[in-house]
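*Asks:* whatever this is, show me its structure:
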Amino acid sequence: MATVLPYKTEITLVVRATTVWGDRVAVVGNTPELGHWDWSKAKLLEVDAHTYPLWTTTFLAPLGEEVQYKYIIVSPSPLDSTKLKPLKWESHANRKITSSGSKMTVDDGHFGGSETTQVHVSQAWSAGEYQVRVKLGSYSPNLKPQDSLHIYSQDSSNFLVSIVPQKRELRLVNANPSIEGEEYVISASALEDLAFFINIYERGCKQKFARAAVTSDELKDKWGLLKRPLIDARLKVVGEITLYYLVITPFSHPENNLEQLPLHHWKPHAELIGHRGFGKSMHTFVAENTLLSFHTAEKFGLKYVEFDVQLTSDGIPVIYHNWRVQTQALKNQPVMTAIGDLSLEQFKSLDVRQQNGNFTPSTRRRSLKRTKSSPNMGAALNAQKWRITDKSFATLQQLYEELPETLGFNIEIKYPDRNLSKGLNVVERNEMVDTILQVTFDCAKKRPIFFSSFDPEICILLSKKQPHFPVFFLSEGKLKDRPYDKRSFNLEEAIKFCHGAGLRGIVCQATHILEHLDLIPDLHSKGLLLFSWGEINNEFESVKKQKEAYVDAIITDKITKISSVYAVPSSEVLDRTVMEASFSATK
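*Replies:* You can find the predicted model right below:
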């Protein structure tokens, strides 16, 4: 029992939680005794057979201080019992109490806030550990899990597969890959501990029929397909098996903690999102993906903007959509260079007008007049109040530092499919995600942010490396760029993937959504959000149909045209500010 001091309050916390054998309940919060939101320093609660599932703990807090905290379910590391790994945490608003008197007891009800459904509980991220995810077969529509196992001269359907970590003390999650879509997940504190065995059993027989082994060296590419021979007890090759794998490396940052997390019902509080800022260059009067375009969108009343992030050759996250840019002319023919082959200095020296078309003062005036009108047009066109220009493209850090913190970001991480990756000089997925997360945690502050990507593995990495920023899966909704991955071109498969991976929702091609409106109720029933993108989002009637079908947000280029569907503010004040921002760059 702690000694009570005159200026301290002894606080006893009580919570009810059902756990599996070996797991513990802990509390993390804003005081030193609660770990200052560092889950690895969380305070463990106590329980015994007579009081279970009632968990309690006692700690001291300064008298009159507000204590914020939340409960987490943790598991001691199998290789080091002193290290804790969070498995689940409460995703509602932080619990709060104010210490008073010499002693106080707080009964917090149930973990997650609900006795039956626990709807306010989230699954943990990889939390400082390495992780390998293994699946029978692949996500190709042509290779089903049951087809990935081939036993020579026998019916392969009569055999079962079991994955076993080579270090048996490691925990295995989702250990039933016979159900399509599930994966084996092995977590460890070191990459070399992720090695595993593949055991094959004949149905109804407990004796191993064959075995294969996968070493950590074979996982060095961190993603891909492995085809392994199966060896029986006589050291004879009796078959082969194909496995998909993804390695997740840990990401750490002082701000990557449990203090400020999105609520379980998080939504972006905006139904209209500006595409590449104020819209693609071909649709508006400012160059896309430039600071001026993002400022214009914000001054026009938009609460969120979407943009694409890639890495330069020196590892700097920059804002650009296409994989390649025109860098010079050779014999009157343009030379296209990959963004990954340009240094930051070379990227910043690109001519925006060469990449996006010619934007002169006169063409901007004509575009602006067609877009909006104002009684103060002449004065606005001559205004030179802003120094922000669209004469160069921006870095991600610039956007964080130079745009108002109230402007939300939809950050799309671009990663090429296997058919496009040649010649693009793209870093490995973990390195790319870690670099972008580092800049984001360094600079984001309280800015509203969510991530998205067409690459399913990027989405998994984003969701497992941090719990702060919601992640969305971008989908073509039809066969196109990734014909080998059914998650990318089938909305039903995309829904299954997002729900199973713990993503917040899907950003789907609008045409496909309108062809499959019947899937929206199922998507929403799984707690997912649905956003849309595409050219038809620049058409009033198409957007209206999506709004009526409860599509949660629209990404569009035609801000002024579509805003009336959502009643976005478009006052004269905004008109004048937009024009002032737009034309100062041409002087």
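
*Asks:* only C-alpha atoms for contact and neighbour calcs from this point on.
*Replies:* OK.

*Asks:* does the residue lying closest to L272 once chain neighbours are set aside count as helix, strand or coil?
*Replies:* Spatial nearest neighbour of L272, excluding adjacent residues (Cα to Cα, 6 or more residues apart in numbering): I554 at 5.0 Å. Using DSSP: H, G, I helix; E, B strand; the rest coil, the structure places I554 in strand.

*Asks:* contacts only, for I554.
*Replies:* I554 is in contact with E271, L272, I273, F531, S532, W533, N537, V543, counting by Cα atoms under 8 Å, 6 or more residues apart in numbering.

*Asks:* highest neighbour count among these?
*Replies:* Neighbour tally across the contacts of I554 (other Cα atoms under 10 Å): the maximum, 28 neighbours, falls on I273.

*Asks:* quick one, phi/psi of it?
*Replies:* When read as degrees, to the nearest 10, the backbone of I273 gives phi -120, psi 130.

*Asks:* correct me, but it touches F300?
*Replies:* No: using Cα atoms under 8 Å, I273 is not in contact with F300, being 11.6 Å away.

*Asks:* helix or strand right after the helix or strand containing Y69?
*Replies:* In this assignment (DSSP states H and E), Y69 forms part of strand 66-77. Toward the C-terminal end, the helix or strand that comes next after strand 66-77 (DSSP H and E) is strand 80-90.

*Asks:* restrict the next helix or strand after that following strand to CA atoms and write it as PDB.
*Replies:* The first helix or strand that comes after strand 80-90 along the chain, using DSSP H and E, is strand 95-98. Taking Å, rounded to 0.1, in the frame of the first residue of the first chain, the C-alpha atoms of strand 95-98 are listed here in PDB:
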ATOM      1  CA  ARG A  95     -11.100   8.600 -19.200                       C
ATOM      2  CA  LYS A  96     -10.700  11.600 -16.800                       C
ATOM      3  CA  ILE A  97     -10.800  12.200 -13.100                       C
ATOM      4  CA  THR A  98      -9.600  14.900 -10.800                       C
END
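
*Asks:* list the contacts of strand 95-98.
*Replies:* Contacts of strand 95-98 (Cα under 8 Å, 6+ apart): G64, E65, E66, V67, Q68, Y69, K70.

*Asks:* so what are the sheet partners of that strand and their directions?
*Replies:* Strand 95-98 has the following sheet partners, assigned by DSSP bridges: strand 66-77 (antiparallel).

*Asks:* how about the partner strand: buried residues?
*Replies:* V67, Q68, Y69, K70, Y71, I72, I73, V74, S75, S77 (16 or more other Cα atoms under 10 Å).

*Asks:* over to stretch 345-352?
*Replies:* In stretch 345-352, counting by 16+ other Cα under 10 Å, buried: F347, K348, L350, D351, V352.

*Asks:* now do stretch 148-155
*Replies:* Buried residues in stretch 148-155, counted by 16+ other Cα under 10 Å: S148, L149, H150, I151.

*Asks:* what's the first helix or strand after the helix or strand bottoming out on mean pLDDT in the chain?
*Replies:* Among the helices and strands of the chain, helix 377-381 carries the lowest confidence by mean pLDDT, DSSP states H and E, at a mean of 38. Using DSSP H and E, the helix or strand that follows helix 377-381 in sequence is helix 396-402.

*Asks:* contact partners of that next one?
*Replies:* Identification of contacts with helix 396-402 by Cα under 8 Å, 6+ apart yields L291, V309, P317, V318, I319, V439, T440, C443, A444.

*Asks:* change it to 10 Å
*Replies:* Helix 396-402 is touched from outside by 290-291, 294-295, 307-311, 316-319, 388, 405, 407, 409, 411, 436, 439-440, 442-445, 447, with contacts defined as Cα atoms under 10 Å, 6 or more residues apart in numbering.

*Asks:* out of these, list just those in strands.
*Replies:* Per DSSP state E, strands hold the following members of the contacts of helix 396-402: F307, D308, V309, Q310, L311, P317, V318, I319, F409, I411.

*Asks:* list the contacts of the second one.
*Replies:* If I follow you right, that is D308. 275-276, 289, 317-322, 396, 410-414, 452-453.

*Asks:* the first one now?
*Replies:* Contact partners of F307, counting by Cα under 10 Å, 6+ apart, are 274-277, 279, 288-290, 294, 318-321, 396, 409-414, 452.

*Asks:* how about H295, nearest residue that isn't a chain neighbour?
*Replies:* Once flanking residues are discounted, H295 sits nearest to L403: 6.7 Å by Cα to Cα, 6+ apart.

*Asks:* correct me, but the one you found touches K303?
*Replies:* No: the criterion here is Cα atoms under 10 Å, and L403 misses it with K303 at 11.8 Å.

*Asks:* what is in contact with those two at once?
*Replies:* With contacts taken as Cα under 10 Å, 6+ apart, L403 and K303 have no neighbour in common.

*Asks:* the more surrounded of these two?
*Replies:* Neighbour comparison, L403 and K303: the larger count goes to K303, with 21 against 15 (by other Cα under 10 Å).
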